[in-house]
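In: need a structure here:
(2 chains)
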Amino acid sequence: MRSLTELVAPSKTAILVVDVQNDFCEPAGAAGKGGKDTAAAKAMIPVLQRFLAAAREHGTNVIFIQTIHEPSTDSDAWVGRRANPDAKNCLKGTWGAEFTGIAPRESEPVVIKHRYSAFVNTRLDSVLRTLKVENIIVLGVATNVCVESTARHGFMLDYHTVFVSDCSAAYDQAAHDMTLRTHQKHFGHVVTSKDIIDTWAATHSVAATA
Amino acid sequence: MRTLPELILPPKSAVIVVDVQNDFCRAEGALGKAGEATAAALEMIPNLQRLLTAARTAGTAVIFVRTIHESVTDSAAWTWRMAGNVGGCCRKNTWGAEFTEVAPLPDEPVVIKHRYSAFINTRLDSVLRTLKIENLIMTGVSTNVCVESTARHGYMLDYNIVFMSDCTAAFSTAEHEMALYNMRTHFGVVATADEVIAAWDAVPALAPA
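Out: Numbering: from 1, shown residues only, chains lettered A, B, ... in the order given. A predicted model of the protein is given here:
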């Protein structure tokens, strides 16, 4: 069983920042206006900002996942499930689709997706293979929808999968908690951002003194 | 929003039976011996049997998904987290990998899988496209692991999902209920065997004359 040190080793690991976008995180976004409680998403963002700063300091890959909806991907199954098929979010070119409180650097890939899992008909697997990534660190919103779907999918494509509990948020605490339980039991590791930052710091100091 | 009668129409719908195998359903199976509560799995099987009988009468496709583990698919990522606890689960050619009180008819496809989702590196999508299936009626075990992973994946590949609350089972009620909540809220429709059977009974025009 891999130790946390191996699971977050910067050269073999990528952080997948899932759907940290205004329509999912801001009270004025589509989810908020639709009655979802976005408080947990807003509260998680300063923790995520600190985590990404540490990741960049230690040279861990950061990949931004961005949901974009447009008519060419609005299939019958995708929109027909909803009571109100006209309820839209993350439309191409809108404020709602923009990132919330974080932004990719010039060298950091953005992967556009049109479904919950960031692996469904996207370039994510190609990007990860190119970077020779073996471990993925998943976080973002909503814990039980897009982050969980991506984490499940990544593990089943043979990536070691670490879920960051305090850099993820749902609209419902019970749903958030059950995702973490399911992930820990069947899919991978659940840790806090501090666990990973401490591991990077310890590894770095060991390497520096060697 | 589609209604249940539209989502179960025989020519465009398939019942997907996920992992109803001894290692997941029986107390003497791998999960039972590892301490998981398999009672709910055995309890739901009569509902599943009723659903399958009605599906076959209505002319709805039935597809069996079966987990088989062997060394050529035991990747590092797949096996690392099990730490040996369930390492003996659904091994090829063992009693544990056999179906539990359900069985495919000679013309019903069996899809072998090696991961939780029945769509990961399997022929399931090809079978469904060949049969022109648009709607998946999800059954089996475990509700929150293989059935939920398959339902999530199927919806994202543009299949409509009907998730059966009483033809699925998990190792705890809390896990079962949260899977139903996720399905109902973000992935599809949750229904009971009685509801789906009644909907099939209401389509006489499509039943064999």
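
In: Compute the number of surrounding residues for B:Ala198.
Out: 15 (other Cβ atoms under 10 Å in any protein chain shown). Quick note: C-beta positions are derived from backbone N, CA and C, even for glycine.

In: and what of A:His58?
Out: 18.

In: can you map out the strands along chain B?
Out: B:13-18, B:61-67, B:110-113, B:135-141, B:160-169, B:189-191 (DSSP state E).

In: Which one of those lies nearest to chain A?
Out: Closest approach to chain A among the strands of chain B (Cβ to the nearest Cβ): strand B:160-169, 5.1 Å.

In: Is there any residue in that closest one that contacts chain A?
Out: Yes. Strand B:160-169 comes into contact with chain A (Cβ under 8 Å from any Cβ of the partner chain), by way of B:160-161.

In: ok, that strand: who's next to it in the sheet?
Out: strand B:135-141 (parallel), strand B:189-191 (parallel) (DSSP bridges).

In: Now that strand: average pLDDT?
Out: Averaging pLDDT along strand B:160-169 yields 98.

In: tell me the angle that strand makes with strand B:13-18.
Out: Orientation check (axes from the mean of the first three to the mean of the last three Cα atoms, to 10 degrees): strand B:160-169 against strand B:13-18 gives 40 degrees.

In: Return the set of buried residues in strand B:160-169.
Out: B:160-169 (16 or more other Cβ atoms under 10 Å in any protein chain shown).

In: likewise stretch B:142-161?
Out: Under the neighbour-count criterion of 16+ other Cβ under 10 Å, stretch B:142-161 has B:142-161 buried.

In: For A:Ile65, see how far away B:Pro46 is.
Out: 43 Å (Cβ to Cβ, to the nearest Å).

In: which of these two has more neighbours?
Out: Higher neighbour count among B:Pro46 and A:Ile65: A:Ile65, with 25 against 13, using other Cβ under 10 Å.

In: Could you look up the next helix or strand downstream of the longest helix along chain A?
Out: Looking across chain A with DSSP state H, the single longest helix is helix A:39-57. Of the helices and strands lying after helix A:39-57 in sequence (DSSP states H and E), the nearest is strand A:61-67.

In: all helices of the chain, in order?
Out: Picking chain A for this. Under DSSP H, chain A gives helices at A:4-7, A:22-25, A:30-33, A:39-57, A:76-80, A:124-130, A:148-156, A:173-182, A:193-209.

In: look at chain B instead
Out: Using DSSP H, the helices found in chain B span residues B:4-7, B:22-25, B:30-33, B:39-58, B:76-80, B:124-130, B:148-156, B:173-182, B:193-201.

In: Quickly note the distance from A:His204 to A:Cys167.
Out: Taking Cβ to Cβ, one finds A:His204 at 20 Å from A:Cys167.

In: Settle it for me: which of the two has more neighbours?
Out: Legend: neighbour count by other Cβ under 10 Å for A:His204 and A:Cys167, higher for A:Cys167 (28 against 14).

In: What score does the more buried one have for pLDDT?
Out: Confidence for A:Cys167, expressed as pLDDT, is 98.

In: so who does it touch?
Out: A:Cys167 makes contacts with A:44, A:47-48, A:51, A:139-140, A:193, as judged by Cβ atoms under 8 Å, 6 or more residues apart in numbering or on different chains.
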